[in-house]
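A.B. asks: Following is a predicted model, sequence given first.
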Amino acid sequence: MKDFPNVQLVQELATFLNHRQIPDEDLCRFLMFNTFRDLQSGAVLVAHKDKSDKIGWTKAYGSEGSAVEVVHDVALNEELPVPTVIRTNRPLWLDLRDDHDKRFPGYSKYTIYRKGLTGICTPICRFGVPVGALTVYSDLELEYSSEISDFCYLVANLIAMRFYSNVLELPSVIADEVERGRYLNLKPRQREILDLMVQDFTNLEIALKMGCDEITIREDALDIYQALYVHSRLDAIRIGARYGVTSQIRAR
């Protein structure tokens, strides 16, 4: 546990968040399997609340697939660690040697929670709203540490960027507002390029219209994808067609 969390790693992860970069699956696995080896973590679970207030799915790292089924479809109002963290938007540290059934009735039947000596459950937020939880089950007897707690929060929200990068997974009303806001935050030049994409111009054709080379347009397109939190030209065109100049012309 010496020098954990690693300062350099924290800075690298913070850079991802500051630049709003979406980590790929390999980085997520690195965070789970390598970073948490210092915590001697036997299992790491990522839980997500669905629209029906159920823990709709759980992704497990470093544990058997059966662990996923254990907490699948748990109701958000149940007195269990993960639902409690999502409801309250507060981290929860548990000494897993203690009997927590008084605090969480029925807790003991979820055997995955008995792995390790310390459970650290951290809320995952999108736009300030708790939508899930990351839980680390450590084989170490750990006292509460703000450094570890803050680090888990950082990792949880980095992973959230991966699992929730598609705005369509958000409730439709919030999705519309967020998506439109991202479009409006584009620079005028980016909006112009996106509108030409919507009109089915190629990068080369856009470059000729704007008096620059194709490589510049390609780089501009990547910046647009990042600003809109999308991974493809098709997704960017969908947003541009909905909120851009072309959509306004059609509406008249």
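C.D. replies: Perfect, I can see it now.
A.B. asks: how about the helices in this protein?
C.D. replies: Assigned by DSSP state H, the chain shows helices spanning 7-18, 25-33, 66-70, 81-88, 146-163, 172-184, 188-198, 203-210, 214-228, 233-243, 245-251.
A.B. asks: which stretch in these has the least confidence?
C.D. replies: Mean pLDDT values for the helices of the chain show the minimum at helix 245-251, a mean of 50.
A.B. asks: domain assignment for this structure?
C.D. replies: 7-165, 172-244 (automatic domain parsing).
A.B. asks: Turn those into a markdown table, columns for mean neighbour count.
C.D. replies: Backbone N, C-alpha and C define where each C-beta goes, glycine included. A markdown table is the format used below for those (neighbours: other Cβ atoms under 10 Å):
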| stretch | mean neighbour count |
| --- | --- |
| domain 7-165 | 17 |
| domain 172-244 | 16 |
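A.B. asks: what sits against residue 56?
C.D. replies: Residues near residue 56 by Cβ atoms under 8 Å, 6 or more residues apart in numbering: 48-50, 73.
A.B. asks: any idea how far residue 214 is from it?
C.D. replies: Residue 56 sits 43 Å away from residue 214, going by Cβ to Cβ, to the nearest Å.
A.B. asks: backbone phi and psi for residue 212, please?
C.D. replies: Torsion angles at residue 212 (phi, psi; degrees, to the nearest 10) stand at phi -140, psi -180.
A.B. asks: Switch the contacts of residue 56 over to CSV; also include distance to residue 39.
C.D. replies: Shown next, in CSV, are the contacts of residue 56 (distance: Cβ to Cβ, whole Å):
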residue, distance to residue 39
48, 22
49, 25
50, 28
73, 28
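A.B. asks: between those residues, which is nearest residue 242?
C.D. replies: Of all those, residue 50 has the smallest distance to residue 242: 24.9 Å, by Cβ to Cβ.
A.B. asks: Could you report the pLDDT at the closest one?
C.D. replies: So residue 50 comes in at 77 (pLDDT).
A.B. asks: Please apply the same query to residue 170.
C.D. replies: Value listed for residue 170 in the pLDDT field: 40.
A.B. asks: Ok, residue 53 next?
C.D. replies: 82.
A.B. asks: same question, residue 121
C.D. replies: pLDDT, residue 121: 92.
A.B. asks: Let me know whether residue 103 touches residue 79 as I believe.
C.D. replies: Yes: look at residue 103 against residue 79 with Cβ atoms under 8 Å: they come within range, at 7.3 Å.
A.B. asks: From residue 89, how far off is the spatially closest residue to residue 78 that is not a sequence neighbour?
C.D. replies: Spatial nearest neighbour of residue 78, excluding adjacent residues (Cβ to Cβ, 6 or more residues apart in numbering): residue 106 at 7.6 Å. For residue 106, the distance to residue 89 equals 23 Å [Cβ to Cβ].
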